[in-house]
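[1] predicted model and sequence below, questions to follow.
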Amino acid sequence: TVHRIERTPSGSKRDSVPLASIPGATERFHQMQTATAPFWGDLLWYAGQRQPVINVRVPVRRSDGTFVGGLVAT
């Protein structure tokens, strides 16, 4: 599940969607699972604002190295 928070002119918008409903997201998730450090993601097109979006992806791990999730900031 992807939990998203988006800044809007009227405040913030939150939602949750299944990972499988986002094209290419499963492959990007697997890339984050195997990453050992933050990395730049692909340049994406954001249709809602009609502009490209850059993003940095950060794998989140426990102190023993176990992957628990990831943070994507755009």
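    The structure has been received and is ready for your questions.

[2] only C-alpha atoms from now on, for both contacts and neighbour counts.
    Will do.

[3] apart from its neighbours in sequence, what residue is nearest residue 13?
    residue 6 (5.1 Å; CA to CA, 6 or more residues apart in numbering).

[4] residues near that neighbour, how many?
    10 (other CA atoms under 10 Å).

[5] how close does it sit to residue 55?
    14 Å (CA to CA, to the nearest Å).

[6] please name the bridge partners of residue 16.
    residue 3 (DSSP bridges).

[7] circling back: quick one: the residue nearest to residue 13 from residue 14, how far?
    From residue 6 across to residue 14, the span is 6 Å (CA to CA).

[8] now do residue 61
    24 Å.

[9] and residue 26, by the same measure?
    21 Å.

[10] for the chain, which segments count as helices?
    When assigned using DSSP state H, the helices of the chain occupy the ranges 25-34.

[11] shaky segments in it?
    For the chain, no stretch has pLDDT under 70.

[12] all strands of it, in order?
    Listed in chain order, the strands found in the chain under DSSP state E are 2-8, 11-17, 39-40, 44-46, 51-53, 56-61, 67-73.

[13] looking at those, which is buried most?
    Burial of the strands of the chain is given as mean neighbour count (mean count of other CA atoms under 10 Å); strand 56-61 ranks first at a mean of 18.
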